[in-house]
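> my questions are about this predicted structure, shown below with the sequence.
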Amino acid sequence: MLDYVWLVPAFPLAGVLANVFLGGRLGKKFVGLVSCASVALAFASSVAVLVEMLALEPGLRHVERHVFTWFLSADLKVDAALLADPLSVLMMVVVSGVAFLIHVYSVGYMAGDPGYRRYFIYLNLFTFSMLTLVSGANFLVLYVGWEAVGLCSYLLIGFWYEKKAAADAGRKAFIVNRIGDFGFVLGIILIFRMFGTLDFGSVFPRAAEMFPMGSPTITAITLLLFLGATGKSAQIPLYTWLPDAMEGPTPVSALIHAATMVTAGVYMVARCSALYVLAPVSMGVVAAVGLATAVYAASIGLVQNDFKRVLAYSTISQLGYMFLACGVGAFAAGVFHLMTHAFFKALLFLVAGAVIHALAGEQDIRRMGGLRRELPVSFWSFVVASLAIAGIFPFSGFFSKDEILWDTLQARGPLVWGVAAVGVLLTAFYMFRLLFLVFWGKPRHGGHVHRPPLSIDVPLACLAVLSAVGGLVGAPMLFGRHFIKEFLAPVFAGGAGHAASAGHAAAAAAHVSAGAGAAHPVSELGMALVSISIAAVGIALAHRFYVMSPDVPRRLKEKFATAYSVLLNKYYVDEAYGAIFVRPLVAFAAGLWRYLDALVIDGAVNGSANTVAAGSRVLRRLQTGRLQDYALSVALGAVVVLLFWLTRW
């Protein structure tokens, strides 16, 4: 099956083509069936690739498949080549599996939408783009997928383009990502300039041989690549597009947050681990940005009232933990959290969609409440997902987040660990605040609750199971083995080995920590109990505030009105960006239009046209079409000639 790894992205692309050319004539059933079946086949193919890879020795789990030569120009030869190694295969399984459940969910959720066919075309294209990104064997194929997911996010966020808010959100996502992508493409150009190739298999092994530890060139490359990651994965300072992306259909939000676009940056940093271990400054920047984003976004989520926006800030925060892991050298832990996050974050968004669908579009959690009886599947699914993201044992998020905290403690010490632990407390609080306000108490919606169809409840149940038990593949204390780390070890140990061969022992040690088991299991167990206790405190506070004493939040809001306003308005960052960047740029552009374009450029063009027109008005007087005018002209000409000759004589 490794020879046919190209089938994984090919199936969703085939779904796009089938619905483009046949969907309009064959109707909604055909569109839904083809879209879901194409992604199901991609998932089946990726699982088959995984099974075949597991049968190989760890050292042989790296297979490149040349599809065709893309282009050849001077020294630049780029193949359309796909890579099957543990990291890409794990990503393919997660992306296609979660995307399949979201496609099935969408069949019921979007059933009455007039843009049904267009929606599924975009959704299939989104899945194809992400699968291309994670399976590419060189930076250019990765970049094609990178830009394609950006295009698809623009199309899907602004899917209901008749609404100004949706159109603005799609445009904002597109523009903000262009800033990050500019840095990303500069990093790729610098890679080609230094290495003469864009192939992963050539760049990564040679990096440690060509550049010393802390090389300015490697630091520049990795920082430029990370700038692209801050845009795609919504990290400080380019995170502002993601909360506004909630204007798209809820299944789109689930796909963006769980399986596609925002995970691209984490995947890219993990893929380039061999470069990052050579750049301690870049590693520090990745860790610092991830840590700051994790706590910062979590604090905003404490007071938001839009169901989906709370989850959006949750995603930004959880992505921060993934980058924190990569920044401290625990790349496998970051990818592990990416996997578990895909399960419970897709579940959270799909539950949000089910609630919004049941309440005829209502998204304000202050107008919900008491839904646990009317929507039992959604309620219990949300409970499981909330326990998972809060990091409660034995749910999936516990294993991956606790591992990040432990690796952070070992690499950066108790102070950084303490800041990360604050994020755990905030996460548990805002998630259970959401749970209690939506599903507990008396109903505040005042309307009929529409029961969701089976196509919505079944994906919720599947994701609930994955959110509950998906983390067990990374539970060495239970099974004596960390299956995810063992599986990913050849990818990350290779980078550490190259660093070590060049004498970079410190980087190698930090990097190997991503693939080795913990040295002090008792200490790790103790810290796991501490992190669970911190999450439990957050849950208890949420229960105290929103179940036992619901008047407490109001009193705190009044007492700390300024702080509450700052959090509710997201630290006024959008307003600051508008004042510092957006409005001055708009004013500058208007000035260029008014003075340079209108006066100089248009003036030159219009002036030349006016000159020709004026000249033609004068010249056309010579062509009147009247015989007497021509006779007079001849006579006058003769007189002028005669006078000329007489004066000469």
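Structure's in. What do you need? Numbers count the residues shown, from 1 in each chain.
> which stretches of the chain have low pLDDT?
Residues of the chain meeting the criterion pLDDT under 70: 1, 494-522, 649.
> grab the longest strand from it for me.
strand 63-73 (DSSP state E).
> what lines up beside that strand in the sheet?
In the sheet, strand 63-73 lines up against strand 76-84 (antiparallel) (DSSP bridges).
> count of residues packed around Leu76?
Using other CB atoms under 10 Å, the number of residues around Leu76 comes to 13. Where you see a C-beta, it was placed from the backbone N, CA and C, and this is true even at glycine.
> then Gln363?
Number of residues near Gln363 (other CB under 10 Å) recorded here: 17.
> who's in contact with it?
For Gln363, the contacting residues are Asp306, Phe307, Lys308, Ile356, by CB atoms under 8 Å, 6 or more residues apart in numbering.
> could you list every helix and strand that the host helix or strand of Cys152 packs against?
For Cys152, the host element (DSSP states H and E) is helix 139-157. The contact analysis (3 or more CB pairs under 8 Å, 6 or more residues apart in numbering; DSSP states H and E) places helix 139-157 against strand 76-84, helix 116-135, helix 164-195, helix 216-232, helix 250-258, helix 264-271.
> make it 7 Å
In this structure, helix 139-157 makes packing contacts with strand 76-84, helix 116-135, helix 164-195, helix 250-258, judged by 3 or more CB pairs under 7 Å, 6 or more residues apart in numbering; DSSP states H and E.
> about what we covered before: in helices, which of the contacts of Gln363 appear?
If you go by DSSP state H, the contacts of Gln363 have Phe307, Lys308, Ile356 in helices.
> now a PyMOL select for only the buried ones of the residues you listed.
Here is the PyMOL command that picks out the buried ones among the ones in helices among the contacts of Gln363, judged by 16 or more other CB atoms under 10 Å:
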select buried, resi 307+308+356
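> sorry, back to before: could you identify the most distant pair in the contacts of Gln363?
Asp306 and Ile356 (10.4 Å; CB to CB).
> how near is Tyr430 to Arg366?
15 Å (CB to CB, to the nearest Å).
> between the two, who's got more neighbours?
Shown here are Tyr430 and Arg366; by other CB under 10 Å, Tyr430 has more neighbours (27 against 11).
> so which residue is dead centre in the chain?
Closest to where the C-alpha atoms of the chain average out (CA atoms, centre = their mean) is Val262, at 1.8 Å.
> next up, phi/psi of the spatially closest residue to that one that is not a sequence neighbour, please.
For Val262, ignoring the flanking residues on the chain, the nearest one in space by CB to CB, 6 or more residues apart in numbering is Ser233 at 5.0 Å. Ser233 has phi and psi values of phi -100, psi 20 when expressed as degrees, to the nearest 10.
> quick one: contacts for Ser233?
Val262, Ala264, Gly265, Val266, Leu319 (CB atoms under 7 Å, 6 or more residues apart in numbering).
> can we see that at 6 Å?
Val262, Gly265, Val266, Leu319 (CB atoms under 6 Å, 6 or more residues apart in numbering).
> out of those, who has the most neighbours?
Within the contacts of Ser233, Leu319 tops the neighbour count with 32 neighbours, counted by other CB under 10 Å.
> assign it to helix, strand or coil.
Three-state call for Leu319 (DSSP: H, G, I helix; E, B strand; the rest coil): helix.
> who touches it in this structure?
Ser233.
> again, only this time at 10 Å
229-230, 232-235, 239, 242, 257, 262-263, 265-266, 290, 293-294, 297, 334, 337-338, 341, 345 (CB atoms under 10 Å, 6 or more residues apart in numbering).
> try Val149
Contacts of Val149 (CB under 10 Å, 6+ apart): 125-130, 132-133, 177, 232, 256, 260-264.
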